[in-house]
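Trainee: A structural model of the following input is requested.
(chains A and B)
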Amino acid sequence: MSSSTEERLSQMMVQSQLGDRCVYEALLSEASLLLKRFVRKRVFDPILLEDVVQEVLISLHKARHTYDPTRKFLPWMYAMAAFRVTDFLRKLGRTRTREIGDLDFDKIMSIEPVSDPRIGSEQYSEKMNEALTALSPKQKKIIELLKVDELSIKEIANRLGMSESAVKVTAHRGYKSLRQAFGVTDHEHE
Amino acid sequence: MNTNDLIQKLSQDIAPVQRLASTPKRLGFWLAIAFLVLVLEVTLFGPREDLGQRAFTAQFATEVLSVLFVALVSAYGALVLSIPAPEKKAVTRWLPIAGVTLWFAFLAIRVVDSGIFATECAFSCARDIVILGFAPSLILYLLVRKGAPVFPRITGALAILAGASLGCLGTLFLCHNDEAIHLLLWHLMPVLALSLVGTLGGRALLKW
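Mentor: Next comes the predicted model:
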């Protein structure tokens, strides 16, 4: 990261501490891109990645009074990001032991999103419809809420009366079924 | 909610914030309040009768200085760690450990010199350390919570180490027993045990 970026972000943070709304919005947008890159190295699932990035942004917001302009901005931001990612992975580990049972969570976490050039073709759409029909109603509902309505895990959990981790697990199982329906194995994504 | 919506929501709510004061200032504030409370408590409990004679001996002064040193460096460490990306100076990391080691070494040498390796149970000293250390620990926890600690366990342990050390300092002005083995087992050990409790407390109480 160049020193000019560091200086610019630091300057933006100082202005944000004074209550400049536009600068703060720009700062958070830029920070979210950097954070996505940072978190992606540790959390591979795109939905979970988004969740963690949002958590870090909220942390940055809550802790903005702790930023000292005489110090560098990026180490300050990444320290919070590392803290939130570690916390998130620890919670996930606990959830895995409690709720997932025999499911290989690490493997699922390492699966990256499918990018298929056939997406959009008629044959693909038919296949997708078939694959969606094969999902359980709960899996289908959760994937729909995530992808169509773009709700967060927390919002879905509240709406369906489930725990957040149960929503994540159900979504993962749904994705896994979809991949299998398209003949894509987890192994191909490792 | 997607990330862009969240960013908009966060920036809508933004208000000017007052920056956290510098670590030395926060340390000074803590020391002032903690000492005031400690002096009041010691006065209320009634200091030892022989304090006038004991206070000016080298042994007592060394004991007071070593406990005070541990309290200061661990409080400083806790306050430094309450800010994300703390300065990674060896001073912050190693001074509390060095302070406790010196305190232990000082007492251990005195134990060997005195040849007394046993002492009777003195739960009252441990109790006094807990009582006298409670307010300084609580104030320091509150100061640390004003920040955003990213190492809550270590920060919690250092905050309790600082508070309990001040509790121990107060106890030195109450307790009549100056035997080294007593000070080692019933003054230093409770402080270390409380610091371990602080590790757990840090995780639970320093969440933000």
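
Trainee: okay, buried residues for stretch A:56-74 please.
Mentor: A:56-57, A:59-61, A:63-64, A:66-68, A:72-74 (16 or more other Cβ atoms under 10 Å in any protein chain shown). For the C-beta atoms, the positions are set from N, CA and C on the backbone; glycine is no exception.

Trainee: distance between the ends of that stretch?
Mentor: Taking Cα to Cα, to the nearest Å, stretch A:56-74 runs 13 Å from one end to the other.

Trainee: near chain B at all, the top helix by length along chain A?
Mentor: The longest helix of chain A (DSSP state H) is helix A:73-95. Yes. Counting by Cβ under 8 Å from any Cβ of the partner chain, chain B has neighbours in helix A:73-95: A:75-80, A:82-83.

Trainee: buried among those? Make that a ChimeraX selection.
Mentor: Remark: buried members of the residues of helix A:73-95 next to chain B, expressed as a ChimeraX selection using 16+ other Cβ under 10 Å:
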select /A:76,77,78,79,80,82,83
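
Trainee: could you dump the residues of helix A:73-95 next to chain B into TSV and include pLDDT?
Mentor: TSV is the format used below for the residues of helix A:73-95 next to chain B (pLDDT from 0 to 100):
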residue	pLDDT
A:75	94
A:76	95
A:77	96
A:78	95
A:79	94
A:80	95
A:82	94
A:83	94
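
Trainee: so how far is chain B from residue A:41?
Mentor: Relative to chain B, residue A:41 is positioned 18 Å away (Cβ to the nearest Cβ, to the nearest Å).

Trainee: neighbours of that residue, how many?
Mentor: Neighbourhood size, residue A:41 [other Cβ atoms under 10 Å in any protein chain shown]: 8.

Trainee: could you list the low-pLDDT ranges of chain B?
Mentor: Low-confidence segments of chain B (pLDDT under 70): B:87-91.

Trainee: which parts of it sit against chain A?
Mentor: Checking chain B against chain A by Cβ under 8 Å from any Cβ, the hits are B:1-4, B:6-8, B:10-12, B:14-20, B:82-86, B:147-148, B:150-151, B:208.

Trainee: average pLDDT for stretch A:134-142?
Mentor: The average pLDDT for stretch A:134-142 rounds to 85.

Trainee: what does stretch A:39-52 give?
Mentor: Stretch A:39-52 comes out at a mean pLDDT of 88.

Trainee: ok, of the buried residues of stretch A:56-74, which one's closest to chain B?
Mentor: residue A:63 (3.5 Å; Cβ to the nearest Cβ).

Trainee: check contacts around that closest one.
Mentor: A:80, B:84, B:147-148, B:208 (Cβ atoms under 8 Å, 6 or more residues apart in numbering or on different chains).

Trainee: switch to 10 Å and redo it
Mentor: Residues near residue A:63 by Cβ atoms under 10 Å, 6 or more residues apart in numbering or on different chains: A:76-77, A:79-80, B:17, B:20, B:83-84, B:147-150, B:208.

Trainee: got those residues as TSV, with distance to residue B:44 columns?
Mentor: Below are the contacts of residue A:63 laid out as TSV (distance: Cβ to Cβ, whole Å):
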residue	distance to residue B:44
A:76	43
A:77	47
A:79	42
A:80	42
B:17	39
B:20	33
B:83	35
B:84	40
B:147	32
B:148	36
B:149	33
B:150	38
B:208	34
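
Trainee: so where is chain A shaky, pLDDT-wise?
Mentor: In chain A (pLDDT under 70), the answer is A:1-2, A:95-122, A:124, A:184-190.

Trainee: show me where it has its strands.
Mentor: Counting by DSSP state E, chain A has no strands at all.

Trainee: all helices for it, in order.
Mentor: A:3-17, A:21-40, A:46-62, A:73-95, A:105-109, A:122-133, A:137-147, A:153-160, A:164-181.

Trainee: can you check chain B too?
Mentor: In chain B, the helices defined using DSSP H lie at B:3-12, B:23-45, B:51-54, B:58-80, B:90-114, B:123-145, B:152-172, B:180-183, B:189-205.

Trainee: residues near residue B:81, how many?
Mentor: Residue B:81 has 26 nearby residues by other Cβ under 10 Å.

Trainee: tell me the contacts of it?
Mentor: B:23, B:87, B:92-93, B:144, B:147, B:149-152, B:154-156, B:158-159, B:202, B:206.

Trainee: make a PyMOL selection of the buried ones in those.
Mentor: This is the PyMOL syntax for the buried subset of those, where burial follows 16+ other Cβ under 10 Å:
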select buried, chain B and resi 23+92+93+144+147+149+150+151+152+154+155+156+158+159+202+206
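
Trainee: hang on, the earlier thing: now the buried members of the residues of chain B next to chain A.
Mentor: B:3, B:6-7, B:10-11, B:14, B:20, B:82-86, B:147-148, B:150-151, B:208.

Trainee: residues contacting the residue lying farthest from the centre of chain A?
Mentor: Within chain A, residue A:70 marks the point farthest from the mean C-alpha position, 31.9 Å out by Cα atoms, centre = their mean. Taking Cβ under 10 Å, 6+ apart, we find residue A:70 in contact with A:10, B:22.
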